[in-house]
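Colleague: Following is a predicted model, sequence given first.
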Amino acid sequence: MKSFLTTICLICTLALTASPAFAEVLKIVTIALPPYGYVENNQPMGLNYELGNIIAEDAGYTPENIIVPLARAVEDIQNGNADVVIMFPNPTIETSAENLGLVLPMETVLFGRADAVFRSLRDVRGKTVATVRGAKYDDRISKKNGIILYPTESYSQSLKMLLAKRVDAVVGPMLGLSFTAKNNHIPKHALGKPLVLSVAQGSLFLSRTHSTHDMKRRLTESIKRLKENGTINALLGKYTL
């Protein structure tokens, strides 16, 4: 009996002193927008999916990463069902999560069809622009500037509506739109020259529900290391067309 109790105590001690890398889970939500997050052959993948896992592991966490629509990702961060998400800064996410730092450069552009010429935002006034629902890429793309916004569920839907002449343009990150166009076999000559609006930065947001000083420190230090050692740039190059 004494031997049995000794064994049980030893097991409990080992469980309590297990490495944080195996004991602590970081719940990540990745937004379902190729190439940032998507499923292929029943396997989740994508730039932000991989980056989220790399940051978690480098910080000593075990990543638990799921791919969900943008609105669901924001909701999960707000209600505490997830710890972190990588996305564009915007007022909605910033009210419920802390911005731990910039992790990805994202060039925001506006595309029209091949016959459209957009030299500046003045040329977009009075036009209908497709934008992913819940995303906010540029404050100037708005109703107050005479631009009609048409919410869509994905870059793919935005581009299909553009080619079907249901909208006049699409707005979003250059990488996301070009990656989606290629995967949907949309030839380059079908789209006009992109109007570059800005170069924004995708950030890692930590839900205020689960935020602790230790967690912020570990994740922030991880981002810094991965930038300095070239890991983030190498991963970005993997998805750049």
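Modeller: Right, received. Where do you want to start? Residues are numbered from 1 along each chain as shown.

Colleague: so what's D83 closest to, chain neighbours aside?
Modeller: Nearest non-adjacent residue to D83, counting by Cβ to Cβ, 6 or more residues apart in numbering: K27, 4.6 Å away. For glycine as for every other residue, the C-beta is placed from the backbone atoms N, C-alpha and C.

Colleague: for N53, that is, sorry about that
Modeller: P63 (4.4 Å).

Colleague: where's the one you found relative to L33, distance?
Modeller: Going from P63 to L33 by Cβ to Cβ, to the nearest Å gives 19 Å.

Colleague: Kindly report the same for N233.
Modeller: Counting by Cβ to Cβ - N233 and L33 are separated by 21 Å.

Colleague: do the same with T209
Modeller: T209 sits 24 Å away from L33, going by Cβ to Cβ.

Colleague: Looking at those two, which one has more neighbours?
Modeller: For T209 and L33, the more surrounded residue by other Cβ atoms under 10 Å is L33, and the numbers stand at 26 against 14.

Colleague: Can you report how many residues lie near G60?
Modeller: So G60, with other Cβ under 10 Å, has 16 neighbours.

Colleague: Also I54?
Modeller: For I54, the count of nearby residues is 16 (other Cβ under 10 Å).

Colleague: elements contacting the helix or strand containing it?
Modeller: I54 is located in helix 47-58, with elements delineated by DSSP states H and E. In terms of contacts (3 or more Cβ pairs under 8 Å, 6 or more residues apart in numbering; DSSP states H and E), helix 47-58 is packed against strand 25-31, strand 62-68, strand 84-87, strand 97-112, helix 213-228, helix 231-239.

Colleague: Can you give the strand pairings for the second one, parallel or anti for each?
Modeller: Looking back up the chat, that one is strand 62-68. Sheet pairing of strand 62-68 (DSSP bridges) gives strand 25-31 (parallel).

Colleague: hmm, back to that, need the contact list for the residue nearest to D83.
Modeller: Neighbour list for K27: E64, N81, A82, D83, V84 [criterion: Cβ atoms under 8 Å, 6 or more residues apart in numbering].

Colleague: again, but for H210
Modeller: Taking Cβ under 8 Å, 6+ apart as the test, what H210 contacts is G80, D83.

Colleague: Assign it to helix, strand or coil.
Modeller: Assigned state for H210: coil (three-state reduction, DSSP: H, G, I helix; E, B strand; the rest coil).
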